[in-house]
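Novice: Predicted structure and sequence below. I'll ask about it afterward.
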Amino acid sequence: MKRRLVAVLLLSTLAGLGVAPAVAQDPEPSVAVDRIAFGELPSIAVPLDGFMWVLDRRGAAIGKIDPDTNELVDVIDLPELVEGTRSAWDLEAARGSLWLTIPSKKRIAEIDPDTHEVRSLLRTRGFVSNVDSARGSLWFVRGTERRTVLVRVDPASRKTVATFRLGGHNTGVGGLTAF
């Protein structure tokens, strides 16, 4: 079967069923090719190694979808992975890892997609929300009651490279996008 790039769109509700499915969409606009049931609140989808990885924010899990078969082929249970994790906020794929923000723990977890093990846990000084990757770095937003900061991290060393103040108190910056 010829491999094709499939974008995964997420819906927050499916009327009457109470299931929030992921929807695989063909590159042609507005042509849904399949529905993939996963989790309570699937919200973020990122490509890594030929698969789509989907974050279920409410169910605290990451699902792995095979775009050739449109099937859910694996699930990473986050509470078992990072003790006490009730929910996660954002997901990014970079340098062969999945990067997950965990606001309740003020952490970013680097997860091995094959073994499901935590490779590293980055501590943040404040509520951590969005994470993205660009120009060889990880970028995330963290906030406290006093200020919100954009942080640039070298993923190889896990060290902060730079910080940029975004505003006064935690402004709830969302939708961080790589450039």
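Specialist: That came in fine, so what should we check first? Numbers count the residues shown, from 1 in each chain.

Novice: got a list of contacts for the helix or strand harbouring T101?
Specialist: Using DSSP states H and E, T101 sits in strand 97-102. Counting contacts by CB atoms under 8 Å, 6 or more residues apart in numbering, the residues outside strand 97-102 that touch it are 46, 48, 53, 55, 62, 76, 78, 82, 85, 87-93, 107-113, 119, 128-131, 133, 138, 140, 155. From N, CA and C alone the C-beta is placed, and that goes for glycine too.

Novice: for stretch 48-64, same thing?
Specialist: Contacts of stretch 48-64 (CB under 8 Å, 6+ apart): 3, 6, 8, 10, 22, 38-47, 65-67, 72-79, 85-91, 93, 96, 98, 100, 111, 113.

Novice: Need the buried ones from these selected in ChimeraX.
Specialist: Restricted to buried positions by 16 or more other CB atoms under 10 Å, the ChimeraX selection for the contacts of stretch 48-64 reads:
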select :6,8,10,22,38,39,42,43,44,45,46,65,67,72,75,76,78,85,87,88,89,90,91,93,98,100,111,113
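
Novice: With A134 as the reference, measure out to L100.
Specialist: Distance of L100 to A134, given as CB to CB, to the nearest Å: 18 Å.
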